[in-house]
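K.L.:
Pasting the sequence and the predicted coordinates here, then a few questions.
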Amino acid sequence: MFTGNGIKLFTGTSHTELADIIARRLGVPLGKADVTRSGIGETSVRITESVREDDVYIVSTGCGQVNTALMELCIMIHACKIASAKRITAVVPLFPYARQDKKDKSRAPITAKLVANIIQKSGCDHVICKWIAVSVLAVVSPLAKKLYAEPSAIQYIRTNFDLANLVIVSPDAGGAKRATSMADRLGVDFALFHKERKKANEVSRMVLVGHVQGKVAILVDDMADTCGTLCLAAQHLSEAGATRVQGLVTHGILSGNALQTVMDSTLEKLVVTNTLPQEENVAKCSKIEVIDIGNVLAEVIRRSHYGESVSKLFNEVPY
């Protein structure tokens, strides 16, 4: 029986709701820490309980004021390090600057790698996150844990859809591997879109590869930011004869006019996980539905604490 002995769970201000869910699942209280900001925006952190020789987990995610959340995380890690914590793990569902993970232009920095280095230098031993480039994760720690939202997504699909008439669709070629993996595990058909761009962030043409006529189409992706591509893909699927179209993504960033774009689209529903706070988005848009991944993160923490394998969670959702 898990008692939580030796575990300390802390959180910054970026996603306290998720931290509460994880704490309840683990049966441990959230650690006491004062996080404040000065008049000029400097972050101050004080851990108000002992963490000496404890296994410390700090929940933070890359959303809202991302730079503030990142500094909170690093300062909290450093505070626990100098307070003699035995091991410090950052639980970062959405890694800050994860999309800046490659040098795609001359003199462009690999910012995700820089952020990974900063977190490591702060005193972090391990990082737990969902959907991030392996190259970035390797910078933080060779034992970094990259989790997949695929098991939760598959469980949701099996619970809510008739697989006999389903097709999994990737909105771009980059997500083909993820979508084909899900389609294979579900035993359903697969389709994808080939995108042509005239300039950055503007899709000029989308070509559907695959058959969706008379089927329920599930668009799967790792992130939904402005939702322009996702909603355009949904429109094409409807025009191609799909009877219903839903979106299923890991990180619902939903910035700018994303919520209105989703409301005006042919998407019946956009399902996201709670790697980011979604309470306001759900209140503003009736098409948003949230899958809770707090139980998965809690189980990763439990397994990590006891030295058990985490790879089992790549294929199944804990109960």
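P.N.:
Structure's in. What do you need?
K.L.:
you'd agree I253 is up against C227?
P.N.:
No: in this structure, I253 is not within contact of C227 by C-beta atoms under 8 Å, at 9.0 Å. From N, CA and C alone the C-beta is placed, and that goes for glycine too.
K.L.:
Please say which of those two ends up with more neighbours.
P.N.:
More neighbours surround C227 than the other of I253 and C227, with 27 against 20 (other C-beta atoms under 10 Å).
K.L.:
and the closest residue in space to that one that isn't next to it in sequence, what does it touch?
P.N.:
The shortest distance from C227 to any non-neighbouring residue, by C-beta to C-beta, 6 or more residues apart in numbering, is to A258 (4.3 Å). The contact partners of A258, by C-beta atoms under 8 Å, 6 or more residues apart in numbering, come to 224-227.
K.L.:
Which pair of those spans the longest distance?
P.N.:
Greatest spatial distance among these (C-beta to C-beta): A224 and T226, at 8.3 Å.
K.L.:
Comparing these two, which residue is more hemmed in?
P.N.:
Counted by other C-beta under 10 Å, A224 and T226 do not tie: A224 has more neighbours, with 28 against 15.
K.L.:
I would like the residues contacting the one helix or strand A234 maps to, please.
P.N.:
Assigned by DSSP states H and E, A234 belongs to helix 228-239. Contacts of helix 228-239 from elsewhere in the structure, counted by C-beta under 8 Å, 6+ apart, are 169, 171-172, 193, 195, 201, 203, 206, 208, 212, 217, 219, 221, 224, 245, 247, 249, 261-262, 264-267, 270.
K.L.:
Which of those residues fall in helices?
P.N.:
If you go by DSSP state H, these have 261-262, 264 in helices.
K.L.:
neighbour-wise, which of those leads?
P.N.:
V262 (24 neighbours).
K.L.:
separation between that residue and F193?
P.N.:
Distance, V262 to F193, using C-beta to C-beta, to the nearest Å: 18 Å.
K.L.:
try Y148
P.N.:
22 Å.
K.L.:
Give the residue spans of the stretch 51-200 of the chain that score low on pLDDT.
P.N.:
For the stretch 51-200 of the chain, the stretches flagged by pLDDT under 70 are 131-146, 196-200.
K.L.:
That one: helices as residue ranges?
P.N.:
Secondary structure of the stretch 51-200 of the chain, counting by DSSP state H, counting those that start in this stretch: helices at 66-82, 111-121, 134-140, 150-160, 176-186.
K.L.:
Of the ones you listed, which stretch is the most buried?
P.N.:
Among the helices of the stretch 51-200 of the chain, ranked by average contacts under mean count of other C-beta atoms under 10 Å, first place goes to helix 66-82 (a mean of 21).
K.L.:
can I have that helix written out in PDB, keeping just the CAs?
P.N.:
What follows is helix 66-82, C-alpha atoms only, in PDB (Å, rounded to 0.1, in the frame of the first residue of the first chain):
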ATOM      1  CA  VAL A  66       5.400  31.000 -19.500                       C
ATOM      2  CA  ASN A  67       8.600  32.900 -18.500                       C
ATOM      3  CA  THR A  68       7.200  33.500 -15.000                       C
ATOM      4  CA  ALA A  69       6.300  29.800 -14.700                       C
ATOM      5  CA  LEU A  70       9.700  28.800 -15.800                       C
ATOM      6  CA  MET A  71      11.500  31.000 -13.300                       C
ATOM      7  CA  GLU A  72       9.200  29.700 -10.500                       C
ATOM      8  CA  LEU A  73      10.100  26.200 -11.400                       C
ATOM      9  CA  CYS A  74      13.900  26.900 -11.500                       C
ATOM     10  CA  ILE A  75      13.900  28.900  -8.300                       C
ATOM     11  CA  MET A  76      11.800  26.200  -6.500                       C
ATOM     12  CA  ILE A  77      14.200  23.500  -7.700                       C
ATOM     13  CA  HIS A  78      17.200  25.500  -6.500                       C
ATOM     14  CA  ALA A  79      15.500  26.100  -3.100                       C
ATOM     15  CA  CYS A  80      14.900  22.400  -2.600                       C
ATOM     16  CA  LYS A  81      18.400  21.600  -3.800                       C
ATOM     17  CA  ILE A  82      20.100  23.800  -1.200                       C
END
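K.L.:
which strands and helices sit next to it?
P.N.:
Contacts defined by 3 or more C-beta pairs under 8 Å, 6 or more residues apart in numbering; DSSP states H and E place helix 66-82 against strand 7-11, strand 33-37, strand 43-47, strand 55-59, strand 87-91, helix 111-121.
K.L.:
nearest to L163, of these?
P.N.:
strand 87-91 (32.8 Å).
K.L.:
Same question for that closest one: list its buried residues.
P.N.:
Buried positions in strand 87-91, judged by neighbour count with 16 or more other C-beta atoms under 10 Å: 87-91.
K.L.:
coming back round to it: now, which of the contacts of A258 sits nearest S38?
P.N.:
Of the contacts of A258, the one sitting nearest to S38 (C-beta to C-beta) turns out to be D225, at 31.0 Å.
K.L.:
Count the neighbours of the closest one for me.
P.N.:
For D225, the count of nearby residues is 18 (other C-beta under 10 Å).
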